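*Asks:* Okay, sequence plus prediction incoming.
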Amino acid sequence: MSDRNIYLDHSATTPVRPEVIEAMMPYFNQRYGNPSSIYSIGRDSKKAIEEARQTVAGAIGAQPREIFFTGSGTEADNWALKGAALANQQKGKHIITTSIEHHAVLHTCQYLERNGFEVTYLPVDIDGLITPEQVKAAIRPDTILISIMFANNEIGTIQPIAEIGKIAKEKGIIFHTDAVQAMGNVSIDVEGMNIDMLSMSAHKFYGPKGIGVLYVKKGVKQSYFIHGGAQERGRRAGTENVPAIVGMAKALEIAIANMDNYNQKLTALRDRTIREIEEKIPFVKLNGHRKDRLPGNVNFSFDFIEGESLLLLLDMKGIAASSGSACTSGSLDPSHVLLAIGLPHETAHGSLRISFGEENTDADVDYLMEVLPGIVQRLREMSPLYEAHCKQQETQVTV
Amino acid sequence: MSDRNIYLDHSATTPVRPEVIEAMMPYFNQRYGNPSSIYSIGRDSKKAIEEARQTVAGAIGAQPREIFFTGSGTEADNWALKGAALANQQKGKHIITTSIEHHAVLHTCQYLERNGFEVTYLPVDIDGLITPEQVKAAIRPDTILISIMFANNEIGTIQPIAEIGKIAKEKGIIFHTDAVQAMGNVSIDVEGMNIDMLSMSAHKFYGPKGIGVLYVKKGVKQSYFIHGGAQERGRRAGTENVPAIVGMAKALEIAIANMDNYNQKLTALRDRTIREIEEKIPFVKLNGHRKDRLPGNVNFSFDFIEGESLLLLLDMKGIAASSGSACTSGSLDPSHVLLAIGLPHETAHGSLRISFGEENTDADVDYLMEVLPGIVQRLREMSPLYEAHCKQQETQVTV
Amino acid sequence: MYSEKVLDHFSNPRNVGEIVDADGVGQVGNPKCGDIMKMYLKIEDNIIVDAKFKTFGCGAAVATSSMATELVKGKTVQEALEITNQAVAEALDGLPPVKMHCSNLAEEAIKSAIEDYRMKNGLIDEDSSCNVCCKRCEDVHHAIDVEE
Amino acid sequence: MYSEKVLDHFSNPRNVGEIVDADGVGQVGNPKCGDIMKMYLKIEDNIIVDAKFKTFGCGAAVATSSMATELVKGKTVQEALEITNQAVAEALDGLPPVKMHCSNLAEEAIKSAIEDYRMKNGLIDEDSSCNVCCKRCEDVHHAIDVEE
Ligand SMILES: Cc1ncc(COP(=O)(O)O)c(C=O)c1O
Ligand SMILES: Cc1ncc(COP(=O)(O)O)c(C=O)c1O
């Protein structure tokens, strides 16, 4: 085990910022009132929520009335898709999405398919991109919803959201985007981009876990997902998670204020890491688009080796990274995203995702590059696939 | 305004215990790893969740595999009802519940009614009780689910859950109970009481907001509600809210350990308050069962006055209480619970709920009884209903 | 939720009480809906010289009653009839959206009391009586909490 | 998730490598499923005198390979055939439920290598060959994450 502790998995989750924790603290046991209550400490909570709503709305150019707090990014995605599907099924039952969505969208689509909806999963190109033309071509008279993620959680590819929004608007189809990975990394303007619904999750931008937002443009027809009390104007029931709501707004406020610096820094770390891995390690492939990608995202496939072993050896050296999406590691399936960009199964199993964040420095990249090539080499020497490859090469050479 | 600050609304929400905050703190920005990740700080989070799951399971006599963390009590209720309804609709489409459930159950039932299910809302008696016989009589061949709250959030009445569980078991019908108000106040044993599903919410027992649990007995047929990643063994998706999960378990552990003392103390405050209100204020009616009620719950109707005004004047004296459920105060409807126990509309509007908690003392009751009679009198003097009543009395006396 | 002014008029309501020899008395609202407003007017030479109220209702109902009595005093009957619910709400620095119907109640109470005055003085036909307390309660309640 | 022993066998795997003049070689698994285990056995007088492996796979796959080679060494062919996946997992102080199939792989690798040895030595018919690497990958994957 190592005494180093280098966290390179900010796409999985981020630590909560000290300023955010500080903002949350009073709401645990001083201003703990239920925001639905009319007495003084209830009104304090209510006010805190409404201020948070304003901050979140401001961050994406929305109106406060269009912001609904949820218990996670996943809940926001479920609500967006199921809510729009149920409310608009008279109009049609066809939904368009991509084959590289997060499971929160994909599994919800599969649920809708089991319940009579039809879903088109647009294929992506080798970089993980879809084109506006693909979307346009997939639209049918009965299409009621287009859901396309802003940025991919595994390979970091950023989609042409504004162009897709324009098409959706022209055709009068509801357009949802899962912006869980994009928030805090990319400027988003729901008006300018013609986004009707947008999901976010605070723990991806140094806010707390267990709190998300669904933006729903005024006038979008959508049924409710969690029924009960009159919270969130009756549209999302459940006692409001006041500390988390306050924390989310604080985290977003800081993220938006620092976005340019943050991106510059992360892009530099990212590009250096990509360059050095390509220079120092043979049989590798960069996954995702080389330019249209999240500033902190590096994703490589290493031929002949398997991802979990790679992660374990990195962990033993004090480096935390991931292989495909952290959320899917409970499953044994190779990443559906890597398969969608055309990697063969065995290569998909051997991917490494590094996602940089705030506290990372060039020294972290130095250390990563000190240990990574050796680890890859060690696993290859243990791999029957590498043995087979080498023997084949030898044969070719000797022939 | 007053310099007093007496919180008498613990059924709406409770402050988070200092020990609970302390238990949560490390998970915000030290042990912040995503529990789905395989590296060291991810494993720490995973371990913390599994320990919490064990604690929660232990508190109700369940197996850890039967405990699923959710984003609120409301989500647990939604999942329980919608999940069981969808998974068992081949068998039948009839559900039995009561007319005094929390909106999280009632509005979910109404949603299910809009989607082809039939719901029987059992009426309650004047004390808010239902009888096992009523349940038995309502069962039909196509009944697939019985959902009956353990203890009512407004009037505190505790239902005969074990007897109902027995009937449900005999008939092979899934039995859910919303135990959001009961947890920490009443001993619960899911095995002995034949409970198949049970909802709880941490912020009602000095834990954090935004975290709940649904217990689902092994083998109960139930579809999932939030689709996505493989968290909670694939049954409830979304990155786990690790600090809140840890906090919930800590709060429950303390609540269970202190339950006897806590109940004794609260019962004394409750019974004294009931006695004194009945002695000192005319035209009042105790709502809820006098004995089978939550230890901290006091609920009175005051004729001729309206609840919100009462709450505002109490608030100005530094007392936080509620009128009906805090969760429904966003609506203008009089409490459905008070109507269900047979109160006329005007009386239902004039109810006051006091719910005692940990930090309350006899001095709080002293102060309450110092100010409450005067406030009630003042509002009555302003009320045209009281004027009409007095004139009628005079007429009767002079005749 | 409530403005300072609403809270002031709620906790120190002006003109609470009865006018025993009132020239016009109006009562609107419905106890089922949780609010009743009763207004007493003293009218001399077509001018409202005194106004009092009793109200069963929420904070906003009490505050709007108080404000309405303040607004009508010194006004002619015609001027008083022109007081809108908006005007009452504005005089209180606004009301929360769910409470706006309370300002309707105040407007209606004024109208109802003036109508009573006119009827007693033979100024209008009995059957032109506008029954102001119509199905307001149901209307209001159903506007809230409906799935879109 | 992994026991200390699994982590030890993963980070310091025993018997990694090839035996150039192996008497039996077995390869099981499928790169599509993310794991392949190749086992080399040196067998003298019906006794396994050496064992080596190469594995492409997760931590559990590497550790079970390592443990399997340790377990077979010194055993007779018959004894080696009796090593179950349970035994391999137990020798590692257990495996997480989702990883139990990796211990299957180890058992299969032993059987496959012994079969190869027997075939080369004319000890069994060629067509009795049990094709151990069957549809395991699909089976395993579909057992997980299915709605109940
Ligand atoms: C009986 C009952 N059920 C459900 C709930 C909903 O819980 P939560 O607000 O945590 O969603 C509450 C409290 O609000 C309640 O009292
Ligand atoms: C693109 C994307 N969508 C949705 C989610 C789900 O968010 P959460 O885990 O907060 O539910 C994630 C992260 O896990 C994600 O990366």
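*Replies:* Yes, it's here. Ligands and ions are numbered 1, 2, ... in the order given.
*Asks:* lowest average confidence, helix or strand, in chain C?
*Replies:* Among the helices and strands of chain C, helix C:136-143 carries the lowest confidence by mean pLDDT, DSSP states H and E, at a mean of 42.
*Asks:* can you give me the helices in chain C?
*Replies:* Here chain C has its helices, by DSSP state H, at C:4-11, C:59-72, C:77-81, C:85-91, C:100-120, C:136-143.
*Asks:* most neighbours per residue, which of these?
*Replies:* Among these, the stretch with the highest mean neighbour count (mean count of other C-beta atoms under 10 Å in any protein chain shown) is helix C:59-72, at a mean of 28. For the C-beta atoms, the positions are set from N, CA and C on the backbone; glycine is no exception.
*Asks:* and it with chain B, contact?
*Replies:* Yes: judged by C-beta under 8 Å from any C-beta of the partner chain, helix C:59-72 comes into contact with chain B at C:Gly59, C:Ala61, C:Val62.
*Asks:* Go through the residues you listed and name the one nearest ligand 2.
*Replies:* Here the nearest of those to ligand 2, counting by C-beta to the nearest ligand atom, is C:Gly59; it sits at 39.1 Å.
*Asks:* Tell me the spacing between the closest one and B:Cys109.
*Replies:* Distance of C:Gly59 to B:Cys109, computed by C-beta to C-beta, to the nearest Å: 32 Å.
*Asks:* what's the closest non-adjacent residue to A:Thr143?
*Replies:* What sits nearest to A:Thr143 in space, not counting adjacent residues and going by C-beta to C-beta, 6 or more residues apart in numbering or on different chains, is A:His94, at 4.5 Å.
*Asks:* Same question for the strand or helix carrying A:Gly165: list its buried residues.
*Replies:* Following DSSP states H and E, one finds A:Gly165 within helix A:161-171. Going by neighbour count (16 or more other C-beta atoms under 10 Å in any protein chain shown), the buried part of helix A:161-171 is A:Ile161, A:Glu163, A:Ile164, A:Gly165, A:Lys166, A:Ile167, A:Ala168.
*Asks:* any idea how far it is from the chain center?
*Replies:* Mean C-alpha position of helix A:161-171 versus that of the full chain (C-alpha atoms, centre = their mean, to the nearest Å) differs by 21 Å.
*Asks:* Let me know the average pLDDT across that helix.
*Replies:* Mean per-residue pLDDT for helix A:161-171: 98.
*Asks:* What is the helix or strand that it is followed by packed up against?
*Replies:* For helix A:161-171, the succeeding helix or strand toward the C-terminus, using DSSP H and E, is strand A:174-178. Strand A:174-178 sits against helix A:73-87, strand A:143-147, helix A:161-171, strand A:197-201, with contacts defined as 3 or more C-beta pairs under 8 Å, 6 or more residues apart in numbering or on different chains; DSSP states H and E.
*Asks:* Which one, of those, ends up nearest to B:Gly350?
*Replies:* With C-beta to C-beta, the closest approach to B:Gly350 among the helices and strands packed on strand A:174-178 belongs to helix A:73-87: 37.2 Å.
*Asks:* Given the helix or strand just after the closest one, what are its sheet partners and their directions?
*Replies:* Remark: after helix A:73-87, the chain's next helix or strand is strand A:94-98, criterion DSSP H and E. Strands adjacent to strand A:94-98 in the sheet, as given by DSSP bridges, are strand A:118-122 (parallel), strand A:143-147 (parallel).
*Asks:* ok, back up a step: what distance do you get for the residue nearest to A:Thr143 to ligand 2?
*Replies:* 22 Å (C-beta to the nearest ligand atom, to the nearest Å).
*Asks:* thought that residue was touching A:Gly116?
*Replies:* No: checked against C-beta atoms under 8 Å, the pair A:His94 and A:Gly116 is beyond contact range at 11.1 Å.
*Asks:* the more surrounded of those two?
*Replies:* Taking other C-beta atoms under 10 Å in any protein chain shown, A:His94 and A:Gly116 do not tie; A:His94 has more neighbours (20 against 9).
*Asks:* just to revisit the earlier point, can you redo the helices and strands packed on strand A:174-178 as CSV, where the extra columns are distance to ligand 2?
*Replies:* As requested, the helices and strands packed on strand A:174-178 are arranged in CSV below (distance: least, C-beta to the nearest ligand atom, whole Å):
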stretch, distance to ligand 2
helix A:73-87, 3
strand A:143-147, 11
helix A:161-171, 13
strand A:197-201, 3
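*Asks:* could I get the ones you listed as CSV with distance to A:Val124?
*Replies:* Written out in CSV, the entries for the helices and strands packed on strand A:174-178 read as follows (distance: least, C-beta to C-beta, whole Å):
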stretch, distance to A:Val124
helix A:73-87, 19
strand A:143-147, 14
helix A:161-171, 13
strand A:197-201, 20
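*Asks:* Relative to D:Thr55, tell me which of these wins on proximity.
*Replies:* From those, taking C-beta to C-beta, the stretch that ends up closest is helix A:73-87, at 34.8 Å.
*Asks:* tell me which strands and helices that closest one is in contact with?
*Replies:* With 3+ C-beta pairs under 8 Å, 6+ apart as the test, helix A:73-87 has helix A:103-114, strand A:143-147, strand A:174-178, strand A:197-201, strand A:212-216 packed against it.
*Asks:* What pairs with the third one, parallel or antiparallel?
*Replies:* Neighbouring strands of strand A:174-178 in its sheet, by DSSP bridges, are strand A:143-147 (parallel), strand A:197-201 (parallel).
*Asks:* so which of those strands is the most packed in?
*Replies:* strand A:197-201 (a mean of 30).
*Asks:* contacts for that one?
*Replies:* By C-beta atoms under 8 Å, 6 or more residues apart in numbering or on different chains, the surrounding residues in contact with strand A:197-201 are A:60, A:72-74, A:76-77, A:80, A:84, A:104, A:150, A:174-180, A:183, A:188, A:190, A:211-217, A:220, A:222, B:239.
*Asks:* Right, I'll call it a day here.
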